[in-house]
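Undergrad: Okay, predicted coordinates and the sequence, questions at the end:
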Number of protein chains: 2
Amino acid sequence: MHLSQLELLCEITRVKSFSKAAKLLHLSQPAVSGQMHSLEDFYGVQLFERSSSGVSLTKAGEVVHKYAKEILGLHEALEKEIDTLLEEKNKNLVIGASSTVGNYALPCSIWDYKERYPHVNMKLIVSNADTVLSMLRQDEIHLALLEEEALLGSGEHYSSQQISNDELLVIAPPKKPWIDKSTITLSELKKAPLIIREKGSGILKIFEKIINSLGLTMDELNIMTEMGSIDAIKSTVEAGMGISFCSRLAVRKEIRNGTIHPLVIEGKQVKINYLIICKDEKELNTAARRFIRSMVGPGKTAFC
Amino acid sequence: MHLSQLELLCEITRVKSFSKAAKLLHLSQPAVSGQMHSLEDFYGVQLFERSSSGVSLTKAGEVVHKYAKEILGLHEALEKEIDTLLEEKNKNLVIGASSTVGNYALPCSIWDYKERYPHVNMKLIVSNADTVLSMLRQDEIHLALLEEEALLGSGEHYSSQQISNDELLVIAPPKKPWIDKSTITLSELKKAPLIIREKGSGILKIFEKIINSLGLTMDELNIMTEMGSIDAIKSTVEAGMGISFCSRLAVRKEIRNGTIHPLVIEGKQVKINYLIICKDEKELNTAARRFIRSMVGPGKTAFC
DNA sequence: AACAATTACGCACCACGTAAGGATA
DNA sequence: TATCCTTACGTGGTGCGTAATTGTT
């Protein structure tokens, strides 16, 4: 029996739903269903009461849950104890992240990790997607946290897992003509003064992909200027100098304060998937391997 | 990570050897090696010191071992607690065994099982292999413990796992002309007055297979009589009335006491494999599924 | 030479995701 | 209808056993 099945059971118990747990752990619903069926098969007992409004534990399920927490706790203690025996080379962990991830989309789990494995020397480098990827290629970093699209056309094959996702927004100043709208049409997008991130940015790659999928090229747009940082772009948009685009997470505060107005492209919900990437999972040191496990683990994908 | 990997680690630690643990758990040596490599990979640490005289735990290995015992103990407690919640139909377990297995080759684990799952109503039926197999076919028993050869030519497909093995011996009275020999030649075997088990016996099937593989048929032998029980055969041989054959386990005591003289067929070591058999593993109730797990588990194959 | 672990390789099975299906409010 | 879990199915990865290899006593 896999320990991950117990983790899954705990997560399902927490959120009382197969489908929610599947989302949180980046699995499909049938995969979760199948795992729990095989667990029920293993113990020979039904563990969940299924209903159309979610699931709840049976009596036997509660027994398993009780022990699962203990067992997983013990296993966590095991890893902590091994941690104290690690050699120096296994204690270093250098992570590269794109601006969006590094500045806004870091899951809390990265800090949980520091707490859980205090002996690890962790370093976080924030740059744009292309730069991070080239650092990975040259073994200057162990792991990269990037937008899915950063890998497009890179040719090489990397090993990757999804850690979280978000939505791409068009951002505008909170005034006419934008303030009354919640969507932006293609023709409005073509005319509006647009501020974009520099080449090599992951967010730019996503935006470009969308534009192309809508039958346009970038030079049909009214590109005003190019900026190397999200903060610079936000300030410029807030000052009313143009519109831009970014991850929803990057402008949570500004939207709440009303200093930036969010728009979605008409008829097009744009999803951003964030990945954790390495060259070869087999070659990773202990600290890095643990980091991956803790990032994709249960309940670890909430943002800070 | 699979719990079975922790069980394997504990077993290896106990016997200080990959190959011995492999035998005990009915796995190949490379399978064991591979599992432990993947465990080392999982924790990112070497767990064993390999030497040509076996293996020993590293410091990290001892940590894992310490926790593994706790975790496995906890998991055993889990199953025990679920046990108390079982419905009636899951508490019945009827097992059929061939004479040899039922009377002599029962692993201790069958009694451990009773202790571990005291709520199970276990019933053991001993008969010859064909009878047991037909009871399995008619769902009169849940599981069958038989010689591997019992399945030969049955046509149907069963699900089976090996639980133990033994050696087939020719048994003779402790007097001339046998007392000075440790092997018996083919021509001696043809002439000697032979007592055999009844048709349908698993041991007879094995013996027949061997005879055929040596280029003979049963009717070329000097078959004196046919008997339905091992005890009857043993008494007859002890009384000097002829020779016979059986599993080494069945005559351990008599060999030690010197009342029966064991022989092996010249140039032919005959291995007997004992299996645990069911119609369809998916259809088994909890008690039966647990029984299988406990029978093939670590350190459970020693005889009583 | 003998024994123990590893590597190589072919095969079978298992777990996943996608897509379609059924039950319930 | 919307939501949630289940079933069906094709695919890729993983674990197994057999056989050949390495290394140590």
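TA: Thanks, I have it. Residues are numbered from 1 along each chain as shown, chains lettered A, B, ... in the order given.
Undergrad: Tell me where the stretch 51-200 of chain A is predicted with low confidence.
TA: A:88, A:107-109, A:153-155 (pLDDT under 70).
Undergrad: show me what contacts the nearest residue to A:L78 once chain neighbours are set aside?
TA: Take A:L78 and drop its neighbours on the chain: the residue closest to it by C-beta to C-beta, 6 or more residues apart in numbering or on different chains is B:Y67, 4.0 Å away. Backbone N, C-alpha and C define where each C-beta goes, glycine included. Applying C-beta atoms under 8 Å, 6 or more residues apart in numbering or on different chains, one finds that B:Y67 lies in contact with A:L74, A:H75, A:A77, A:L78, A:E81.
Undergrad: Strands of the stretch 51-200 of chain A, start to end?
TA: A:54-57, A:92-98, A:121-127, A:143-147, A:159-172, A:183-184, A:194-197 (DSSP state E, counting those that start in this stretch).
Undergrad: Nearest approach to A:S4 belongs to which of those strands?
TA: Closest to A:S4 of those is strand A:159-172 (C-beta to C-beta; 13.5 Å).
Undergrad: what's the angle between that closest one and strand A:143-147?
TA: Strand A:159-172 and strand A:143-147 are oriented at 40 degrees to each other (axes from the mean of the first three to the mean of the last three C-alpha atoms, to 10 degrees).
Undergrad: Would you mark the buried spots in strand A:159-172?
TA: Going by neighbour count (16 or more other C-beta atoms under 10 Å in any protein chain shown), the buried part of strand A:159-172 is A:S160, A:I163, A:S164, A:N165, A:D166, A:L168, A:L169, A:V170, A:I171, A:A172.
Undergrad: repeat for stretch A:277-289
TA: Applying 16+ other C-beta under 10 Å to stretch A:277-289 flags A:I277, A:C278, A:K279, A:L284, A:N285, A:T286, A:A287, A:A288, A:R289 as buried.
Undergrad: Surely A:C246 is in a strand?
TA: Yes: assignment of A:C246 by DSSP: H, G, I helix; E, B strand; the rest coil places it within a strand.
Undergrad: OK, contacts around it?
TA: A:T100, A:L168, A:L169, A:I171, A:I203, A:I230, A:I233, A:K234.
Undergrad: swap the cut-off to 6 Å and go again
TA: A:I203, A:I230 (C-beta atoms under 6 Å, 6 or more residues apart in numbering or on different chains).
Undergrad: Can you tell me how far it is from A:L214?
TA: Distance of A:C246 to A:L214, computed by C-beta to C-beta, to the nearest Å: 18 Å.
Undergrad: burial measure for A:D139, as a count.
TA: 10 (other C-beta atoms under 10 Å in any protein chain shown).
Undergrad: next one: the one 3 residues further on
TA: Neighbourhood size, A:H142 [other C-beta under 10 Å]: 23.
Undergrad: so A:Q35 makes contact with A:E7?
TA: No: using C-beta atoms under 6 Å, A:Q35 makes no contact with A:E7, being 10.0 Å away.
Undergrad: coming back round to it: of the buried residues of strand A:159-172, closest to B:K271?
TA: Taking C-beta to C-beta as the measure, B:K271 lies nearest A:S160 of these, at 49.2 Å.
Undergrad: So which of the strands of the stretch 51-200 of chain A is nearest B:K123?
TA: strand A:54-57 (32.9 Å).
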